[in-house]
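1. No sequence on hand, only this structure:
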């Protein structure tokens, strides 16, 4: 999976890393993401994201927050000096952190986890190798919090992989067939472990891929792209782009940056 899929303007990124979890947390986190920034006074860096349909557990400035799935593109303006360490969670971890992920859609809540905050803060202040130590500490915490995953959580992990993985399906019916469950079961899994419907998850994946492919190949024909990603037609792709990103795919393809901002120092 691309390191920058979901990031609308990668050139604006400060120093940014995606690291895999350690073995004990592979069923609990897809990856850990770590931005670090050091901006001159008066400068900022706007980060525009069309997020994965998943929850993120984030440590920043000694605060731990659980962020829900999003229904639209979002942004954050970075300034000063700082870092964050986030985990893109698998469903098996979500069950150990909230009983209602739907309540966190387009929202976030503070998690009472001072031990995690202290461990990540210590790791990120420890010099060379800090990111790897932060991932180790975060993975250990998740493994301790999540424990052994049960059959329902394992099924939910498989459900998300089928909808969002490298060999993802193009429809909810296809996902149900591949997992040998009913469409209704998939809907329950989406609500219980992600907070959004399977259909919304597929649409988000398509939109992420559309944006990435247009960014990498500005000359790509939009009608062809729409067909290859399973959209009904070019107009359907354009509607999704406008509804979620707020701009047309032609504008994005042309390289127009509606929120152009200063970049971080090298």
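-> On my side now, so go ahead. Nothing here was measured: the structure is a model prediction, and the numbers come from that model.

2. What is the burial count for residue 229?
-> 17 (other Cβ atoms under 10 Å). The C-beta positions use only the backbone N, C-alpha and C, and glycine is treated the same way.

3. got a list of what the closest residue to it other than its chain neighbours touches?
-> Leaving aside its chain neighbours, residue 229 sits nearest to residue 206 (4.7 Å; criterion: Cβ to Cβ, 6 or more residues apart in numbering). Listed by Cβ atoms under 8 Å, 6 or more residues apart in numbering, the contact set of residue 206 reads 229-231, 240.

4. same question, residue 231
-> 206, 237, 240.

5. all helices of the stretch 1-150 of the chain, in order?
-> 91-94, 114-124, 130-146 (DSSP state H, counting those that start in this stretch).

6. circling back: ok, the residue nearest to residue 229 to residue 160 distance?
-> Per Cβ to Cβ, to the nearest Å, residue 206 is found 15 Å from residue 160.

7. average pLDDT for stretch 177-189?
-> Model confidence over stretch 177-189, given as mean pLDDT, is 96.

8. Can you give me the first-to-last residue distance of that stretch?
-> End-to-end distance of stretch 177-189 (Cα to Cα, to the nearest Å): 15 Å.

9. Point out where the chain drops to low pLDDT.
-> 1-4, 11, 13, 255-266 (pLDDT under 70).

10. Compute the number of surrounding residues for the closest residue to residue 9 other than its chain neighbours.
-> In this structure, residue 9 finds its nearest non-sequential neighbour in residue 48, 5.7 Å apart by Cβ to Cβ, 6+ apart. Using other Cβ under 10 Å, the number of residues around residue 48 comes to 19.

11. Please apply the same query to residue 117.
-> Count around residue 117 with other Cβ under 10 Å applied: 19.

12. Which residues are in contact with it?
-> 59, 62-64.

13. Done for today, thanks.
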